[in-house]
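# here is the input, now give the coordinates:
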Amino acid sequence: MPLLESILLFISKWVGTAIPRIATAFLGLLCAIVSAVGLWDRRIRALPGAFGIGFGLLMVFIALDPGILHFIAKTTHFARIRILMTFLSFVMIVITVEAIRRAHLQERYAILWIATGMLILATAFFPQILNVFRLVLGSDYVAVVIGILFTFLLLIAFHFSISLSTLRKNQTQIVQKLALIEQNLSDLSERMKKYHPSEEASCTTEFPLQVPFETMDRTEDHARKTTRSLRGAHVAVAFIIPLAVLSVLFIGLKTPEPMVGDEVTHYYMLVKQSKSLSKPNFYAQIPVEYGDSIERRYPHPFLWHYLGAVFYKFGGKQFFIVQVYQALFWAQLLVFSYLLVKSRNGFEGRSILLYLIIIASLPVALIFSVTFYQDVPMTAQVVTAFYFLRQRRWLASTLFLCFAIGLKVTAILFLPAFFLLTIINEIKSREWFWGSLRFTSSAAVVFIFIMSMGQIVQTHAETDFYPAKKMQEIISRAKHVFKATDKPEPKNAVKQQPGKRKEGSHPKKPRPVTPYEAEIIANHPGDLRIPENYFVYGGIL
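Numbering: from 1, shown residues only. The predicted structure follows:
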């Protein structure tokens, strides 16, 4: 079908081969963690839990090294049958042992199934055992194995038929004996009434039914077990966050210098800032291979560079200090994401596991945590701000949101949602006066911070800070509106019809193209001067 082929070709061009591997690794990791948490909480049995963990880890290994699938695909049909037989024999033996331990399987049945599993395992490892059957029957290895297993299953079915017949016979005898006992009790009751007519003899004494422990329902027995005081989700979180942070830190420390794109500019801007902390720095001296250096300017928020310069200077001016500094923001993002979901009863629905695994396994989050980009630090401050906003601590949430803007300017895209949630929280509290005061104070702090950042950027970077510039334009327009007065038009004034211009007047000249607009040849990600980015990066899409 041409349409289907076109769709598949389109998907292959956009998705490629990396995304399926990432999805496979993510699903495998999720399966393994959920199975381990279920085992810890005693919500699933050991066998399904072990299978889930093993299957999840297998998916992860296949995603990391697809050569496993290629190796299996290259094996012969005979080898794949032997692998399958080995797997089935191990599964049969494990299930039998688990049934003996939990369901108290009778010895004769346990010996029967273990012998079956060992027989399958022996024929998988030593296929020459079946050479006699191959010569007699004149068929190949697979047909002989299937024939022997089919015959063996028939014998097992016949054995169970005999056992069921015996059980039915014993049950019939028990019913007959029970009927005789009830008849004898009835006769005895009639005789006792003749000798003691004034007393009502009754043989219907109620005896408590004693159920042996072995015959108790296994689900009820499982529910009787004492639950753990520490839930599995807590244990999983205690492993996920340190593992994710240490992984990022380990990969980052294996690189002795910045290597990717703007990471180089950010690092050397930080290094230059460490030489003088008295004023902010917006320039980077980047050394090149032939011994010289080039200068780059970064006229944007500088708090990441300034705070990192403090770490760098007092940490011995070592590269790994900057890497640790960047990893701390990654840890902050994971910790406050955990706290934010926990505050929304994430443990009840166990959504916190899925939430943390998604964040901790996002390729862009991991890459931007290893490299020196401000996206992860900015996101960490935004998540922290919304966490404190949920805790109704307006000052802390406002300060963290300002810090996010000071790390990367795109954080202003969260201002509408931040102020909207602030209003909703204050309406719910029904404290109109204090709520209005907190909202006004929060907006004033953000406004003062943005204007101050704009003044610093304009003074030291010799350029405009876009949010501050737009706020100044809005203030100027508001002043113009308030200062405007309605003057009456003269009586002899002639109103000009729309679409016509006065004689002798010149047509309006077109707006000149700015150097920035002339430079744009593509959509710059995160650039707020492009209206489309509000749709793409502002959460609307």
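
# pLDDT weak spots in the stretch 351-500 of the chain?
Within the stretch 351-500 of the chain, the stretches with pLDDT under 70 are 429-430, 483-500.

# so which residues of it form helices?
Counting by DSSP state H, counting those that start in this stretch, the stretch 351-500 of the chain has helices at residues 351-361, 363-370, 375-390, 394-407, 415-429, 432-460, 466-483.

# and the third one, what's buried?
Which is helix 375-390. 375-389 (16 or more other CB atoms under 10 Å). Bear in mind the C-beta positions are built from the backbone N, C-alpha and C, glycine included.

# circling back: export the helices of the stretch 351-500 of the chain to a markdown table and tack on distance to F126?
Output for those, formatted as a markdown table (distance: least, CB to CB, whole Å):
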| stretch | distance to F126 |
| --- | --- |
| helix 351-361 | 43 |
| helix 363-370 | 46 |
| helix 375-390 | 56 |
| helix 394-407 | 65 |
| helix 415-429 | 67 |
| helix 432-460 | 76 |
| helix 466-483 | 75 |
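
# so which of the ones you listed gets nearest L333?
helix 375-390 (3.9 Å; CB to CB).

# and that closest one, how far from the chain's centre?
17 Å (CA atoms, centre = their mean, to the nearest Å).

# that one to helix 363-370, inter-axis angle?
Counting by axes from the mean of the first three to the mean of the last three CA atoms, to 10 degrees, helix 375-390 lies at 100 degrees to helix 363-370.

# so which elements touch helix 375-390?
When contacts are defined as 3 or more CB pairs under 8 Å, 6 or more residues apart in numbering; DSSP states H and E, helix 375-390 packs onto helix 319-342, helix 363-370, helix 394-407, helix 415-429.

# let's see that with 6 Å instead.
helix 319-342, helix 363-370, helix 394-407 (3 or more CB pairs under 6 Å, 6 or more residues apart in numbering; DSSP states H and E).

# which residues are in contact with it?
304, 329-330, 332-333, 336-337, 339-340, 343, 368-369, 396-397, 400-401, 403-404, 407-408, 411, 414, 421 (CB atoms under 6 Å, 6 or more residues apart in numbering).

# again, only this time at 8 Å
Applying CB atoms under 8 Å, 6 or more residues apart in numbering, the contact partners of helix 375-390 are 304, 326, 329-330, 332-333, 336-337, 339-340, 343-344, 364-365, 368-369, 394, 396-398, 400-401, 403-404, 407-408, 410-411, 414, 418, 421-422, 425.

# which residue sits closest to the residue nearest the centre of the chain in space, ignoring its chain neighbours?
For the chain, the residue nearest the mean C-alpha position is I358 (1.9 Å; CA atoms, centre = their mean). Spatially, and ignoring its direct neighbours in sequence, I358 is nearest to F26 (7.7 Å; CB to CB, 6 or more residues apart in numbering).

# what about that neighbour, which helix or strand?
helix 18-41 (DSSP states H and E).

# what is the neighbour count of L277?
L277 is flanked by 12 other residues according to other CB atoms under 10 Å.

# what residues are up against V91?
If you count contacts by CB under 8 Å, 6+ apart, V91 has none.

# got it, and Q318?
Counting by CB under 8 Å, 6+ apart, Q318 has contacts Y312.

# swap in the one 3 residues further on?
When contacts are counted by CB under 8 Å, 6+ apart, I321 is found next to F311, Y312, G315.

# check F320 too.
L253.

# okay, and the helix or strand of the protein with the least pLDDT?
Across the helices and strands of the chain, mean pLDDT, DSSP states H and E gives its lowest value to helix 218-224, namely a mean of 46.

# tell me the first helix or strand C-terminal of that helix.
helix 232-253.

# and the following helix or strand past that next one, what does it pack onto?
Downstream of helix 232-253, the next assigned helix or strand under DSSP H and E is helix 262-275. With contacts defined as 3+ CB pairs under 8 Å, 6+ apart, helix 262-275 has these neighbours: strand 283-287, strand 293-297, helix 303-314.

# got the angle for helix 262-275 vs helix 303-314?
60 degrees.

# can you give me the buried ones in helix 262-275?
262-274.

# now for T265: which residues touch it?
With CB under 8 Å, 6+ apart, T265 has these contacts: A284, I286, R296, Y298.

# low-scoring stretches of this protein, by residue?
If you take pLDDT under 70 as the line, the chain has these spans: 1-22, 41, 47, 65-78, 102-103, 129-142, 196-232, 345-350, 429-430, 483-541.

# which helix is the longest one in it?
helix 141-195 (DSSP state H).

# list the helices and strands that helix packs on?
Using 3+ CB pairs under 8 Å, 6+ apart: helix 141-195 touches helix 77-102, helix 107-125, helix 131-137.

# just how off-centre is the second one within its chain?
Going back to what we said before, that points to helix 107-125. 42 Å.

# distance-wise, check the residue located most distally from the centre of the chain relative to Y312.
Distance from the C-alpha centroid of the chain peaks at Y195, with 81.1 Å (CA atoms, centre = their mean). To Y312, Y195 is 106 Å away according to CB to CB, to the nearest Å.

# what does V60 give?
36 Å.

# neighbour count winner among these two?
Y312 (21 against 18).

# what residues does that one make contact with?
Contacts of Y312 (CB under 8 Å, 6+ apart): L270, V271, S274, Q318, I321, V322, Y325.

# any chance of those residues in CSV with distance to G147 as columns?
Formatted as CSV, those follow (distance: CB to CB, whole Å):
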residue, distance to G147
L270, 73
V271, 75
S274, 78
Q318, 71
I321, 70
V322, 68
Y325, 68
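
# go through those and say which is closest to L243.
Closest to L243, out of all of the contacts of Y312 and judged by CB to CB, is Y325, at 19.9 Å.

# residues touching that closest one, list them.
By CB under 8 Å, 6+ apart, the neighbours of Y325 are L307, G308, F311, Y312.

# run the last query once more with 6 Å
G308, F311 are the contacts of Y325 under CB under 6 Å, 6+ apart.

# measure it to Y267 for me?
11 Å.

# count the neighbours of L30 for me.
L30: 17 neighbours (other CB under 10 Å).

# contacting residues for it?
I357 are the contacts of L30 under CB under 6 Å, 6+ apart.

# export the helices and strands packed on helix 141-195 to a markdown table and tack on distance to W40?
As requested, the helices and strands packed on helix 141-195 are arranged in a markdown table below (distance: least, CB to CB, whole Å):
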| stretch | distance to W40 |
| --- | --- |
| helix 77-102 | 18 |
| helix 107-125 | 29 |
| helix 131-137 | 47 |
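
# wait, which of those is closest to L354?
Among those, helix 77-102 comes nearest to L354, with 28.7 Å by CB to CB.

# now that closest one against helix 141-195, angle please.
Using the same axes, to 10 degrees: helix 77-102 against helix 141-195 is 20 degrees.

# in helix 77-102, which residues are buried?
Quick answer for helix 77-102 (16+ other CB under 10 Å): I81, R82, M85, S89, M92, I93, T96, V97, E98, A99, I100.

# I'd say the last one and A110 touch.
Right, I100. Yes: I100 is within contact range of A110, at 5.2 Å (criterion: CB atoms under 6 Å).

# quick check: T371 touching V260?
Yes: when contacts are counted by CB under 6 Å, T371 is listed as touching V260 (4.9 Å).

# who's more crowded, those two?
Using other CB under 10 Å, the more surrounded residue of T371 and V260 is T371, with 22 against 13.
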